[in-house]
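Asker: Quick one, what's the 3D model for this:
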Amino acid sequence: MASFLTKLMNSLFDAPAEFVDVASQGPISALLVALGALFVGAAVLAGGVLGLRAVVDLLTPFRPDRVHRPRDR
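Answerer: Okay, the predicted model is just below:
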């Protein structure tokens, strides 16, 4: 198990250098790496927002007596 964790940590520290090597191959590679990072970042952000909202909903009290009525126009 320690060997697995050591390899995992080493690969995490080596990953940025690998991404730089790939991105420096040309403008298309750099664009693809940037778009991939953007997509992954957006997915992580969306998951974080949803998770945070779920925690907030768990911690806030439920008030069933509160009624939302439509406004008169």
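Asker: and the helix or strand harbouring Ser29, what does it pack onto?
Answerer: For Ser29, the host element (DSSP states H and E) is helix 27-59. Here helix 27-59 touches helix 2-23, going by 3 or more CB pairs under 8 Å, 6 or more residues apart in numbering; DSSP states H and E. C-beta: built from backbone N, CA, C; applies to glycine.
Asker: where does this structure dip in pLDDT?
Answerer: Scanning the chain with the threshold set as pLDDT under 70 gives 66, 73.
Asker: Could you find the residue nearest the spatial middle of it?
Answerer: Nearest residue to the geometric centre of the chain (CA atoms, centre = their mean): Val44, 1.1 Å.
Asker: how close does that residue get to Pro61?
Answerer: Separation of Val44 from Pro61 (CB to CB, to the nearest Å): 30 Å.
Asker: Same check on Leu38?
Answerer: According to CB to CB, Leu38 stands 38 Å off from Pro61.
Asker: So the two - more neighbours on which side?
Answerer: Taking other CB atoms under 10 Å, Leu38 and Pro61 do not tie; Leu38 has more neighbours (10 against 4).
Asker: Please name the residues that touch that one.
Answerer: Not one residue lies near Leu38 by CB atoms under 8 Å, 6 or more residues apart in numbering.
Asker: I'd like the distance between it and Leu58.
Answerer: Distance, Leu38 to Leu58, using CB to CB: 31 Å.
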